[in-house]
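1. Pasted the sequence and its predicted model underneath.
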Amino acid sequence: MRISARLLLVAGLVMAGSASAQAQSQPWMIKSLPATTRAELLVAAMTTQEKIQQIAMSTGPNPDIPSCGPRRDSRHVEGIPRLGIPVFRSINGPTGVGGGDCSPDGKATAVPTGLAVAATWDPTAAYRWGDIAGSEVRANGHHAFYAPGVNLARVPEAGRNFEYFGEDPYLAGRLAAAQTLAIQSHGVHAVGKHFVANEQETQRMTMNSVVADRVLHELYLLPFEMMIRDADMASVMCSYPRVNGAFACESPVLLGNILRKEFGFKGYVVSDRGATNSTVAAIKAGMDLELNSTPKHFTQELVSRALESGEIVVEDLDRMLVHRYASMFRFGQFDNPIVGVTPIDFPKHGQIARTIAEEGAVLLKNDSGLLPLNAQSVRTIAVIGSQSLAGEARLPATGPEGQIRVNAPYTVAPVAGLKNVLAALGSQAAVSFNDGTDLKQAVELARSSDVVIVMVGDQSIEGVDRADLALHERNKVDQNALVTALADANPRTVVVLKNSGAVLMPWLDRVHAVLAVWQPGQEDGTAVANLVMGVVNPSGKLPVTFPNSSREGGGSATPEQWPGVVVNGILTARYTEGLQMGYRWYQAQGKKPVFPFGFGLSYTSFEYAPAVATSARVTQGQPITISVGVRNSGDRAGAEVVQIYAGFPDAYGEPPKRLIGFEKVFLNPGERRDARITLDPSASNHPFSYWNEKASRWDLMTGKVLIYVSRSSSDVQSTIEMDAR
């Protein structure tokens, strides 16, 4: 990409009218110029060696900002002082701000994980999460945040499902776009990941995901398209696996045709750590920045050799750098430098994190109205479970295997949180704790207590898929045996799930109440206590289906689907379920799960009025609004999520239902309000269209369309028939 004579003339004219010496010597610092023009001017002033140095992360120190100290995690690109290029630092996500490159001791709020945010079904909650993250990324001296993560829960056992937004692409894209807008409002880059078809951890660095083009577009690409179109995302991280035979980070189909041409992406592409597998192929495909502990493929030696051989040209490097520098100029990172660690309002952020955790909790069962507990009548409460899930452990269950993945300023453990909330409610109830390792003692405590709260959870972590969906032994505690024994000893037993996704519950019929709180963050103890004591009414809905057994269907029913079979020496996972993934598979097969996608109970009740639409005809360019009256018919304030699913003519091969809209309605007792959901055929989620593989485009599905106004994917309240043409 060579600087044009016209561009130089324009810059010269601007400089002529400027009194700034810096503007005259560094025209790219002229704020009135467009971001891309500034980036092109800057690149034109660089030497070839400087260009090569700027396309890979560095392992050196950060000498320009003393407060950042030495290198922490190899996530920065060294600056070039002579050109005014700042050190460019990145920090990890999406479970919170941590694993960065600036301050080894930098603290950040331990927020609820992505799946907990997804369970809120609330873009406002997702925005608040992103607002915390964006401000703390900047306060910790970084320019880019590796989040949101929007891979889908195709495989319920996948090890990183806790980081993502569940099994539906529209839900994921809607919440991720809200997060992106909030993150980027602080002048830092959101980096959407992992692009694309990275739905398992097993051999993720070398495996091959085989996905039909239509399935790729309608499911796995859709959240990325929504983040780019609706939130103008600054960056995308390409993933480890091969996708249809080519590594994602060197696929011209993914990075060129789809990302740049179809989606109109203007930002830069960074690799996952170590996901770059070549020099020439990755550069030609459209990757812009190599992330690795030590540069491996974008080194001075290898890139110079490729230039000398003519396999790449300098214009390739120019293009790569313009993508990143234009994003930096657009976000003010040259004009308003990020200057190191600054103060964070941790008490405020902690309270916001708590409200998100509370809103994302899903009440799965509540027979006989066991919950909420009555603070005035309950006398003794037994909290039982592993230290890392239920006790006074330093690190409550805020991330994989109970570990906080950020350096939190404080934590509230479950027992402490419950005692604090009871005291605030004026209760004299005594709280006892048992870690469950001695089953006999735990049962004796349960029998002698008014209520038992048993906390159990699965273990999930990056790099390893779960073997199955069972609750396995944890800290020498057989969790299923523990729940069964406690429920037999005391019928007033409440199960609190600290889960990273769907789990199997063989004891479900023996307990009266189950509350899924996912990994709720540093305010774990207060959030859970507020929920079980009724200070907060649960309003979360499931972002994933809870199956009857492991490998029940969707994307993990056969070894060919997950983890794959070896083909020509490469583990190959075939997405043979097609569009029938998650709740779509259950609907298509007529099979009932334990808990359906979109399900969640409340301490109050809601009544739906018949839905009405502004039009019965679906036409491109003409949005339709669905109005649904919802009344809180109970005696507690609460929130209901009105969900809109669409059913299309059989000829198009779509599953019976597809989520295309939702709105969360907050209501006081007796209050009625209309939920209004606008369905735009031209929107980024293509609500009434299918991906036409032959024509490589989205086409409207014509014929009769059924609109299902629902409480969950399987609980329809009213149906509207429309005609698409």
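-> All right, it came through fine.

2. What residues sit buried inside the one helix or strand residue 190 maps to?
-> Counting by DSSP states H and E, the element that carries residue 190 is strand 189-195. Using 16 or more other C-beta atoms under 10 Å as the test for burial, strand 189-195 gives 189, 190, 191, 192, 193, 194, 195. (Each C-beta comes from the backbone N, C-alpha and C, glycine too.)

3. so how far is that strand off the chain centroid?
-> Counting by C-alpha atoms, centre = their mean, to the nearest Å, strand 189-195 is centred 10 Å from the centre of its parent chain.

4. just use 107 as the starting number from now, easier for me
-> Sure thing, new numbering starts at 107, so read that last one as strand 295-301.

5. Mind exporting the C-alpha coordinates of that strand to PDB?
-> Extracted C-alpha coordinates of strand 295-301, given in PDB (Å, rounded to 0.1, in the frame of the first residue of the first chain):
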ATOM      1  CA  HIS A 295     -10.100  -2.100  21.400                       C
ATOM      2  CA  ALA A 296     -12.400  -5.100  21.800                       C
ATOM      3  CA  VAL A 297     -11.000  -8.200  20.200                       C
ATOM      4  CA  GLY A 298     -13.700 -10.700  19.100                       C
ATOM      5  CA  LYS A 299     -12.600 -14.300  19.400                       C
ATOM      6  CA  HIS A 300     -12.000 -17.000  18.300                       C
ATOM      7  CA  PHE A 301     -12.700 -16.600  14.600                       C
END
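
6. distance of residue 410 from residue 474?
-> Remark: distance between residue 410 and residue 474 (C-beta to C-beta, to the nearest Å) = 73 Å.

7. Which one's more surrounded, the two?
-> residue 410 (13 against 9; other C-beta atoms under 10 Å).

8. What is the burial count for residue 718?
-> Residue 718: 14 neighbours (other C-beta under 10 Å).

9. give me the beta-bridge partners of it?
-> residue 733 (DSSP bridges).

10. Does it touch residue 730 like I think?
-> No. Applying C-beta atoms under 8 Å as the test, residue 718 and residue 730 come out as separate, 10.8 Å apart.

11. just checking, what packs against the strand holding residue 296?
-> strand 250-251, helix 275-290, helix 328-337, strand 341-344 (3 or more C-beta pairs under 8 Å, 6 or more residues apart in numbering; DSSP states H and E).

12. Could you say which of the ones you listed is packed most deeply?
-> strand 250-251 (a mean of 30; mean count of other C-beta atoms under 10 Å).

13. what about that one, average pLDDT?
-> Summarised as a single mean, pLDDT over strand 250-251 is 96.

14. Show me what that strand is packed against.
-> Contact partners of strand 250-251 among helices and strands, from 3+ C-beta pairs under 8 Å, 6+ apart: strand 194-197, helix 229-245, strand 295-301.

15. And for residue 701, the neighbour number?
-> The burial count for residue 701: 24, using other C-beta under 10 Å.

16. quick one: it from residue 313, how far?
-> 30 Å.

17. before we move on, what about residue 135?
-> Separation of residue 135 from residue 313 (C-beta to C-beta): 45 Å.

18. Neighbour count: those two, which is higher?
-> The residue with more neighbours, out of residue 135 and residue 313, is residue 313; 23 against 20, by other C-beta under 10 Å.

19. Residue 677 is in contact with that one, correct?
-> Yes. Between residue 313 and residue 677 there is a contact under C-beta under 8 Å: 4.4 Å.

20. which residues do those two both contact?
-> 669, 670 (C-beta atoms under 8 Å, 6 or more residues apart in numbering).

21. Name the helix or strand for residue 587, please.
-> Short version, using DSSP H and E: residue 587 is in helix 585-595.

22. what does the average pLDDT come to for that helix?
-> On average, helix 585-595 scores 97.

23. May I see the buried residues of it?
-> Buried-residue list, helix 585-595, by 16+ other C-beta under 10 Å: 585, 586, 588, 589, 590, 591, 592, 593, 595.

24. before we move on, what about stretch 182-189?
-> 182, 183, 184, 185, 186, 189.

25. From those residues, pick the one nearest residue 157.
-> residue 186 (10.1 Å; C-beta to C-beta).

26. Quick check: beta-bridge partners of that closest one?
-> As for beta bridges, residue 186 partners with residue 191 under DSSP bridges.

27. my read: it touches residue 160, true?
-> Yes. At 7.4 Å, residue 186 counts as touching residue 160 under the criterion of C-beta under 8 Å.

28. which residues do the two both contact?
-> residue 152.

29. what's the span of stretch 538-558, first residue to last?
-> Stretch 538-558 stretches 10 Å from its first residue to its last (C-alpha to C-alpha, to the nearest Å).

30. What lies in contact with whatever helix or strand residue 692 lives in?
-> According to DSSP H and E, residue 692 maps onto helix 689-695. Residues outside helix 689-695 that contact it (C-beta under 8 Å, 6+ apart) are 273-274, 651, 659-660, 683, 686, 697-699, 702-704, 761-764, 819-820.

31. what's the spacing between it and its chain's center?
-> Taking C-alpha atoms, centre = their mean, one finds the center of helix 689-695 at 23 Å from the center of the full chain.

32. Tell me which of the helices and strands packed on strand 250-251 approaches residue 722 most closely.
-> Per C-beta to C-beta, nearest to residue 722 of these: helix 229-245, 27.6 Å.
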